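no sequence for this one, just the structure:
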């Protein structure tokens, strides 16, 4: 039985989750600027409630970004420290992929736009399709102003197919190009990345042998400027 711990502090939400066999348990809270003092106690409570210790884990996953500069550093640092102390591999997981998986779970749509508020009048975003129940990136993860977003390839959506758009970056949807916004038949602006989705993605990565060494764990910022919660 594979047991994976995932944690995420990439936005104002803070969460951790355990994949134990076919079950996922999660602790999730929206606590802006309180991630550093809360993520470790949340992890400890989660493991205690599951009757597990770090020695029983197979890997540790973390939300590697894009997202808040400070939040990503916290998640990467905690995951790296715990993995080094317990001699465990690490699994960096895309926050946008996690959002896409969450949207698919809500709507069942297989065409998805994941979009996060990047502050400084910009958004992080990417197109995903669902294949074998998992999100597959179509193109690249992008950082830009809302007006500069571009539609996904026609072969992905088709000419008339609608999709689900997810994430707090949708507060800028009035500024998206019409070629993007008109595709968003369903919108889930309240969704933030969650560790429960990341742990599902992490299990797939782990089973395919895509883990890394703890010292290789690092965030993906998509830019050099600091983005704070």
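That came through, no problem. A quick note: this is a predicted structure, and the numbers were derived from the prediction, not measured.

okay, now the unreliable bits of this structure?
155-162, 224-229 (pLDDT under 70).

quickly list the domain ranges of this protein.
3-94+193-216, 96-188 (automatic domain parsing).

nearest to residue 223, out of these?
Residue 223 lies closest to domain 96-188 among those, at 5.5 Å (C-beta to C-beta). To be clear about C-beta, it is placed using only N, CA and C from the backbone, and glycine gets the same treatment.

contacts for stretch 120-130?
66-67, 94-97, 100, 104, 109-118, 135-146, 149, 152, 156, 167, 169, 172, 222, 225, 227 (C-beta atoms under 8 Å, 6 or more residues apart in numbering).

which of those fall within strands?
Among those, the members falling in strands are 94, 111-118, 135-144 (criterion: DSSP state E).

ok, back up a step: now the domains of the chain as a markdown table including mean neighbour count?
Output for the domains of the chain, formatted as a markdown table (neighbours: other C-beta atoms under 10 Å):
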| stretch | mean neighbour count |
| --- | --- |
| domain 3-94+193-216 | 20 |
| domain 96-188 | 19 |
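
distance of residue 23 from residue 17?
In this view, residue 23 and residue 17 are 10 Å apart by C-beta to C-beta, to the nearest Å.

my error: substitute residue 180 in the last question.
Residue 180 is 31 Å from residue 17, by C-beta to C-beta.

can you check residue 80 too?
For residue 80, the distance to residue 17 equals 18 Å [C-beta to C-beta].

equivalent analysis for residue 70, please.
21 Å.

cool, residue 188 as well?
Counting by C-beta to C-beta - residue 188 and residue 17 are separated by 19 Å.

spatially nearest residue to the one residue sitting closest to the centre of the chain, not counting backbone neighbours?
For the chain, the residue nearest the mean C-alpha position is residue 95 (2.1 Å; C-alpha atoms, centre = their mean). In this structure, residue 95 finds its nearest non-sequential neighbour in residue 193, 4.2 Å apart by C-beta to C-beta, 6 or more residues apart in numbering.

show the contacting residues for the one you found.
By C-beta under 8 Å, 6+ apart, the residues touching residue 193 are 8, 10, 11, 13, 63, 67, 95, 96, 98, 99, 102, 116.

ok, it to residue 134 distance?
For residue 193, the distance to residue 134 (C-beta to C-beta) stands at 16 Å.

equivalent analysis for residue 84, please.
The value you get for residue 84 to residue 134, if C-beta to C-beta is used, is 28 Å.

going along the chain, name the strands of this structure.
3-8, 13-20, 23-30, 59-65, 90-94, 111-119, 122-131, 134-144, 163-166, 184-188.

want to try CSV for these, with distance to residue 51 as columns?
Shown next, in CSV, are those (distance: least, C-beta to C-beta, whole Å):
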stretch, distance to residue 51
strand 3-8, 11
strand 13-20, 10
strand 23-30, 11
strand 59-65, 18
strand 90-94, 23
strand 111-119, 34
strand 122-131, 33
strand 134-144, 29
strand 163-166, 34
strand 184-188, 34
